[in-house]
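**Student:** Generate coordinates for the sequence data below:
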Amino acid sequence: MRKIIREKRKTLSISVDRDGNIIVKAPSKIKEADINKFCEEKSSWIEKQQKRQAKICAFKESFDFENYIYILGEKTNPEQINLSYAISKKHKNFDSIYSDLAQMLLPMAKEKAEELDFKLGTVKLTKSKRFWGSLDRQKNMKLNYKLVILPQRLVDYVIIHELCHGVELNHSPKFWELVKNHCPDYKKLKKELELYGFLFDN
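**Tutor:** Predicted structure coming up:
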């Protein structure tokens, strides 16, 4: 499906949403033929993005949050960890469950900073809908509580990524080189992390 949004702008832009729909933002007076031509020129890119979104969707469907708890990438029966929370189809207790479990992330960040000899201030949890982690100029770190659902290797990558921002504030080549020094397979992990983007929608 293709959706065209006409608005006050000078250029065309195109994106593919999580359902694989094509979203085109266009100048209000542009001709339909020009929009069609633009989409045709971007057809290879669109196909690539739709395949990517289909992969993410299939990955999302592999999780069963109604009946299981996921801790550092491991699917666990709630009874096995003595959780007293009821898991409903509406995920009424989703935040409570994972906010409590996410407390284990805090010492992980401190231990990783000490291991790699990075300076680190406070570490707190966040319920951001946009990012996995952040580090301010005072080297205080925030970690998304949903990180506790992800495999340990991705948690480590996010922590290392943020610790490196304590040295390089932006995403310059120097920053990525520093990340690579402490996490050689960061490119692979970065792509894997994208699969978990669906958690921001919950």
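
**Student:** Residue ranges in this protein under the pLDDT threshold?
**Tutor:** For the chain, the stretches with pLDDT under 70 are 79-93, 202.

**Student:** Would you map the strands across it?
**Tutor:** 2-7, 13-16, 22-27, 69-71, 74-76, 123-126, 133-135, 141-144 (DSSP state E).

**Student:** Output the ones you listed in CSV; the columns should cover distance to Lys37 and mean neighbour count.
**Tutor:** Glycine gets a C-beta too; all of them are placed from N, C-alpha and C. Shown next, in CSV, are these (distance: least, Cβ to Cβ, whole Å; neighbours: other Cβ atoms under 10 Å):
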stretch, distance to Lys37, mean neighbour count
strand 2-7, 13, 11
strand 13-16, 12, 15
strand 22-27, 12, 17
strand 69-71, 45, 20
strand 74-76, 47, 12
strand 123-126, 43, 17
strand 133-135, 41, 20
strand 141-144, 41, 24
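
**Student:** Those strands: which one's closest to Pro184?
**Tutor:** When the strands of the chain are compared by Cβ to Cβ, strand 133-135 sits nearest Pro184, at 19.6 Å.

**Student:** Okay, now the sheet partners of that closest one, with direction.
**Tutor:** Sheet pairing of strand 133-135 (DSSP bridges) gives strand 141-144 (antiparallel).

**Student:** before we move on, back to that, out of the strands of the chain, which is closest to Pro151?
**Tutor:** strand 74-76 (8.3 Å).

**Student:** May I see the domains of this structure written out as residue ranges?
**Tutor:** Listed domain ranges for the chain are 2-61, 77-201 (source: automatic domain parsing).

**Student:** tell me the most buried of these?
**Tutor:** Using mean count of other Cβ atoms under 10 Å, the stretch among the domains of the chain with the largest mean neighbour count is domain 77-201, at a mean of 16.

**Student:** How far does that domain sit from its chain's centre?
**Tutor:** How far domain 77-201 lies from its chain's middle: 10 Å, per Cα atoms, centre = their mean, to the nearest Å.

**Student:** how far does that domain stretch from start to finish?
**Tutor:** Length of domain 77-201, first residue to last, Cα to Cα, to the nearest Å: 23 Å.

**Student:** quick revisit: now the domains of the chain in CSV, please, with extra columns for distance to Tyr68.
**Tutor:** Formatted as CSV, those follow (distance: least, Cβ to Cβ, whole Å):
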stretch, distance to Tyr68
domain 2-61, 14
domain 77-201, 6
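
**Student:** now the strands of the chain as a markdown table including distance to Ile56?
**Tutor:** Conversion of the strands of the chain to a markdown table gives the following (distance: least, Cβ to Cβ, whole Å):
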| stretch | distance to Ile56 |
| --- | --- |
| strand 2-7 | 19 |
| strand 13-16 | 11 |
| strand 22-27 | 16 |
| strand 69-71 | 17 |
| strand 74-76 | 19 |
| strand 123-126 | 22 |
| strand 133-135 | 20 |
| strand 141-144 | 17 |
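
**Student:** Determine which of those approaches Tyr186 most closely.
**Tutor:** Closest approach to Tyr186 among these is made by strand 133-135 (13.9 Å; Cβ to Cβ).

**Student:** OK, contacts around the residue nearest the centre of the chain?
**Tutor:** Closest to where the C-alpha atoms of the chain average out (Cα atoms, centre = their mean) is Gly197, at 4.0 Å. Counting by Cβ atoms under 8 Å, 6 or more residues apart in numbering, Gly197 touches Ile56.
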